[in-house]
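Visitor: Any chance you could fold what I've pasted below:
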Amino acid sequence: MKNQLKKYSNSVFLFLMTMFFTVSAFAQDGGLNIDVNIGKKEWYQQPWAWVVGGAIFILILVALLRKKK
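Guide: Here you go, the predicted structure:
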């Protein structure tokens, strides 16, 4: 009987602590004001820069990993 009561009290304690942490996490949410500027892109945000960079990277890998005869 005592063992079952201990298991039950542990479960209740864990449930209450989980609820407390959840409520405190929601209470800290102050709402965000995010300004996303879609119009201006830097050079590293352009797709062509990633394609060119990837091609150069692959060429360097092939040159380094190629076996010499």
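Visitor: CA atoms for contacts and neighbours, from now on please.
Guide: Will do.
Visitor: can you give me the helices for this protein?
Guide: Defined through DSSP state H, the helices belonging to the chain, from first to last, are 2-27, 47-65.
Visitor: If you average the pLDDT over the shortest one, what comes out?
Guide: If you average the pLDDT over helix 47-65, you get 94.
Visitor: So which bits of that helix are buried?
Guide: Applying a neighbour-count criterion of 16 or more other Cα atoms under 10 Å, helix 47-65 contains no buried positions.
Visitor: Output it as CSV, nothing but the C-alphas.
Guide: Below are the C-alpha coordinates for helix 47-65, written out as CSV (Å, rounded to 0.1, in the frame of the first residue of the first chain):
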residue,chain,number,x,y,z
PRO,A,47,20.9,30.9,-56.0
TRP,A,48,23.6,31.4,-58.6
ALA,A,49,26.2,32.0,-55.9
TRP,A,50,25.4,28.6,-54.3
VAL,A,51,25.5,26.8,-57.7
VAL,A,52,28.9,28.4,-58.6
GLY,A,53,30.3,27.7,-55.1
GLY,A,54,29.1,24.1,-55.2
ALA,A,55,30.6,23.5,-58.6
ILE,A,56,34.0,24.9,-57.4
PHE,A,57,33.8,22.8,-54.3
ILE,A,58,33.1,19.6,-56.3
LEU,A,59,36.0,20.4,-58.7
ILE,A,60,38.4,20.9,-55.8
LEU,A,61,37.2,17.6,-54.3
VAL,A,62,37.7,15.7,-57.5
ALA,A,63,41.2,17.2,-58.0
LEU,A,64,42.2,16.3,-54.4
LEU,A,65,40.8,12.8,-54.4
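Visitor: So what's the gap between it and the chain middle?
Guide: In terms of Cα atoms, centre = their mean, to the nearest Å, the centre of helix 47-65 is found 27 Å from the chain centre.
Visitor: Same question for stretch 15-23.
Guide: Its chain's C-alpha centre lies 23 Å from the corresponding centre of stretch 15-23 when counted by Cα atoms, centre = their mean.
Visitor: I appreciate the help and will end here.
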